[in-house]
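just coords:
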Ligand SMILES: O=P(O)(O)OC[C@H]1O[C@H](OP(=O)(O)OP(=O)(O)O)[C@H](O)[C@@H]1O
Ligand code: HPA
Ligand SMILES: [Mg+2]
């Protein structure tokens, strides 16, 4: 059994490794075109965005610096608590920088709406958001998101950085979790 064989825990595969890579290449091409000639400070939101971040920055041709922030609003459940905590702040001063926040998923939107406002208050030249997945029907707040990979239904998904109780982040595909796993 290889490390990606957790088929008994999954209901179905939403996006394969190849579909994810195609989408990331598309997002990178749009970002390169939009930021032509400008340096980008790419901010990955730990831990979920690690895979998107690693693949996205390698697909970009723009000059990038990378920094990381860790925030948490989920704990070990499948519902956002709505309370965002900073677990690790940025090392970089944002003054005058073009900041691109990279996320794996926007679900209720509570994490990103809080994070965008927080980073905007630090004097950057611009703040945009790139997320691989978004659940439009789950939104509890409006956020302006410039780069969205795929819109998905309001089901709990895992893989490619996304966890349930810290598991399944290492899957190279994205799938839905079988209800028996979290019931
Ligand atoms: O739109 P929302 O409802 O706020 O949910 C999205 C956020 O929740 C997840 O992170 P989590 O807080 O679980 O931490 P993790 O990235 O370490 O898994 C995900 O990576 C996003 O950051
Ligand atoms: O569907 C999800 N899966 C994993 N983590 C999440 N964080 C918000 N939504 C999700
Ligand atoms: Mg999580």
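Yep, that arrived. The model shown is predicted, which means the values in this text are computed figures rather than measured ones. Ligands and ions are numbered 1, 2, ... in the order given.

contact partners for the closest residue to ligand 1 within the chain?
Nearest residue of the chain to ligand 1: residue 48, at 2.7 Å (CB to the nearest ligand atom). For every residue, glycine as well, the C-beta is placed using N, CA and C. Residue 48 makes contacts with 103, 104, 105, 161, 162, 163, 169, as judged by CB atoms under 8 Å, 6 or more residues apart in numbering.

ditto for residue 149
By CB under 8 Å, 6+ apart, residue 149 lies in contact with 20, 23, 24, 26, 27, 131, 132, 133, 134.

hmm, back to that, which of the contacts of residue 48 come close to ligand 1?
Restricting those to those near ligand 1 by CB under 6 Å from any ligand atom leaves 103, 104, 105, 163.

which parts of this structure are strands?
For the chain, strands defined by DSSP state E occupy the ranges 10-15, 40-46, 64-72, 85-88, 98-106, 126-134, 147-151, 157-158, 174-177.

just put these in JSON lines and tack on mean pLDDT.
As requested, the strands of the chain are exported to JSON lines (pLDDT from 0 to 100):
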{"stretch": "strand 10-15", "mean pLDDT": "95"}
{"stretch": "strand 40-46", "mean pLDDT": "98"}
{"stretch": "strand 64-72", "mean pLDDT": "95"}
{"stretch": "strand 85-88", "mean pLDDT": "92"}
{"stretch": "strand 98-106", "mean pLDDT": "98"}
{"stretch": "strand 126-134", "mean pLDDT": "98"}
{"stretch": "strand 147-151", "mean pLDDT": "98"}
{"stretch": "strand 157-158", "mean pLDDT": "96"}
{"stretch": "strand 174-177", "mean pLDDT": "95"}
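
a markdown table for those, including distance to residue 33?
As requested, the strands of the chain are arranged in a markdown table below (distance: least, CB to CB, whole Å):
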| stretch | distance to residue 33 |
| --- | --- |
| strand 10-15 | 24 |
| strand 40-46 | 12 |
| strand 64-72 | 15 |
| strand 85-88 | 31 |
| strand 98-106 | 13 |
| strand 126-134 | 13 |
| strand 147-151 | 11 |
| strand 157-158 | 29 |
| strand 174-177 | 26 |
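
please identify the buried residues of the longest helix along the chain?
Counting by DSSP state H, the longest helix found in the chain is helix 17-34. Neighbour-count burial for helix 17-34, counted by 16 or more other CB atoms under 10 Å, picks out 20, 23, 24, 27, 28, 31.
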